[in-house]
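1. Take a look and give me a structure for this.
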Amino acid sequence: MNQPEPRLPIVPPQPLPHDIGTAMRPPALAEILASTDLDPECYFGPPSPDPPAAPRPFTGGPPTLAGELDPAMAGMPLRDLCARATGLPPEEAEELVRFGGIWLDSRQKLDPELPLPARGEFRVNFPAYGIWRFYEADPGRIVYEDGSVLVYDKESGRPSQGVPHDVHNNALSALVRLTGLELRLPHRLDAGTSGLLIMAKTREAAGELGKAFQKGRVSKRYVALSEGEGPAWDEQEVRAAVAKNAGKLVCRANGPGLAAHTTLRVLARRGAKTLFLAVPHTGRTHQIRLHLSFEGHPIAGDRFYGGVPRPRLMLRASGISFPHPLTGRPVVLGEPWEDDGGCGGK
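-> I've put the predicted structure just below:
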């Protein structure tokens, strides 16, 4: 398998916009579980802050603009289409293209000089905050790295990869900028979920890791916090299908949907707060969030599934184990792994 060229130790390309280094790290899970004084909520740490409101003319506009390409514009640069559709001056239009806000025929285009085709559809996705390049990766959050793999402790609030209106402020792009490597994602975490995110350094490593995920050879652990009346049980196997209903994800004990299985185990009870270990045996979208809500214990900060309000989603990818794509030997990272109480799984 091809290996990337060795590189110098990671140095931030510019000062980080906020201090998320070692000094800000929350207590370890074992420390929280051993103490009756520590609030289990502190395990999840603060979210990555958003930028201030941006003084851009398009931030107050509609979320999207869409339409058919004008054949008379064929061969003209994409920047001109963006300027005409949005009313922005050419410099602003070019910046919006580079930021990832323009799509042609369902494909994101980043080159303002790209010649327009004679036919097709376009869509403009306006950035949530305007064009703010505010996020960079923290080298102190890289928890594992070798010639094939990099594992990053992603903050809550940042997407794993680019979104339709922003290709800059996400974990993958930030780490590409930080390392100078062409990284690939064999899996993802929700923007609100913090924790361990695997990135492959080579195409071959990405392929091997992708196969490991598909074959169930990757084991994951999550820790979640719920607030309210806790469960009567200490451990529960939840088997409830995940389905879409009117465009929203729902859980169903019976009926159509994708089979989903999660082991839930109570780690600690602190007053009205319950700390759970969640082990997913299948990989459905929002599976843990849906299954905890289905059991009557939605995750704190989960505004989609009934959680009490919090500044962030109290869900953390706390542990992961995977076969190394080059050697096949297991790589075990994070916590909790000891005294799992029989919690195995994918």
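
2. Can you tell me the number of residues neighbouring residue 121?
-> Burial of residue 121, expressed as a neighbour count using other C-beta atoms under 10 Å, amounts to 12. Where C-beta positions appear, they are placed from N, C-alpha and C, glycine not excepted.

3. Oops, could you answer that again for residue 94 instead?
-> 19.

4. Quick check: phi and psi at it.
-> Phi and psi for residue 94, reported as degrees, to the nearest 10, are phi -60, psi -40.

5. residues in contact with it?
-> Contact analysis of residue 94 by C-beta atoms under 8 Å, 6 or more residues apart in numbering lists 79, 82, 112.

6. What's the separation between it and residue 79?
-> Between residue 94 and residue 79 the computed distance is 5 Å (C-beta to C-beta, to the nearest Å).

7. which neighbours do the two share?
-> Applying C-beta under 8 Å, 6+ apart, one finds that residue 94 and residue 79 are jointly contacted by residue 112.

8. Walk me through the domains of the chain.
-> Here the domain assignment for the chain is 64-125, 219-321, based on automatic domain parsing.

9. quick check: mean pLDDT across the first one?
-> Read it as domain 64-125. For domain 64-125, mean pLDDT rounds to 95.

10. Go ahead and measure how far that domain is from the middle of the chain.
-> 27 Å (C-alpha atoms, centre = their mean, to the nearest Å).

11. between the domains of the chain, which gets nearest to residue 159?
-> For residue 159, the closest of the domains of the chain is domain 64-125, at 11.6 Å, according to C-beta to C-beta.

12. tell me the phi and psi of the residue lying closest to residue 44 once chain neighbours are set aside?
-> Spatial nearest neighbour of residue 44, chain neighbours left out: residue 314 (5.1 Å); criterion: C-beta to C-beta, 6 or more residues apart in numbering. Per-residue torsions, residue 314: phi -90, psi 60 (degrees, to the nearest 10).

13. Mind jotting down where the strands sit in the stretch 201-346 of the chain?
-> Per DSSP state E, counting those that start in this stretch, the stretch 201-346 of the chain carries strands over the ranges 219-227, 235-239, 241-245, 248-252, 261-270, 273-280, 315-323, 330-334.

14. out of the ones you listed, deepest packed?
-> When the strands of the stretch 201-346 of the chain are scored by mean count of other C-beta atoms under 10 Å, the highest mean neighbour count falls to strand 219-227 (a mean of 25).

15. So what touches stretch 320-328?
-> Contacts for stretch 320-328 (C-beta under 8 Å, 6+ apart): 1, 146-149, 151, 196, 198, 200, 204-209, 212, 217-221, 329-334, 337.

16. need the longest helix for the chain.
-> As assigned by DSSP state H, the longest helix anywhere in the chain is helix 203-214.

17. so what does it touch, helix or strand wise?
-> strand 194-200, strand 315-323 (3 or more C-beta pairs under 8 Å, 6 or more residues apart in numbering; DSSP states H and E).

18. Those strands into TSV, with extra columns for distance to residue 71 and mean pLDDT?
-> Compiled in TSV, these are given as follows (distance: least, C-beta to C-beta, whole Å; pLDDT from 0 to 100):
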stretch	distance to residue 71	mean pLDDT
strand 194-200	42	98
strand 315-323	48	97
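
19. right, so of the ones you listed, which gets closest to residue 245?
-> The closest of the helices and strands packed on helix 203-214 to residue 245 is strand 315-323. By C-beta to C-beta, the value is 22.3 Å.

20. Using CSV, write down the CA coordinates of stretch 224-236.
-> C-alpha atoms of stretch 224-236 as CSV (Å, rounded to 0.1, in the frame of the first residue of the first chain):
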residue,chain,number,x,y,z
ALA,A,224,-24.6,10.6,26.2
LEU,A,225,-26.3,12.7,28.9
SER,A,226,-30.0,12.8,29.5
GLU,A,227,-31.9,15.0,32.0
GLY,A,228,-35.2,14.1,33.6
GLU,A,229,-36.5,11.0,35.2
GLY,A,230,-33.9,8.2,34.6
PRO,A,231,-34.6,4.7,33.5
ALA,A,232,-35.6,1.9,35.8
TRP,A,233,-33.1,-0.4,34.1
ASP,A,234,-29.3,-0.4,34.2
GLU,A,235,-28.8,-1.9,30.7
GLN,A,236,-31.2,-2.2,27.8
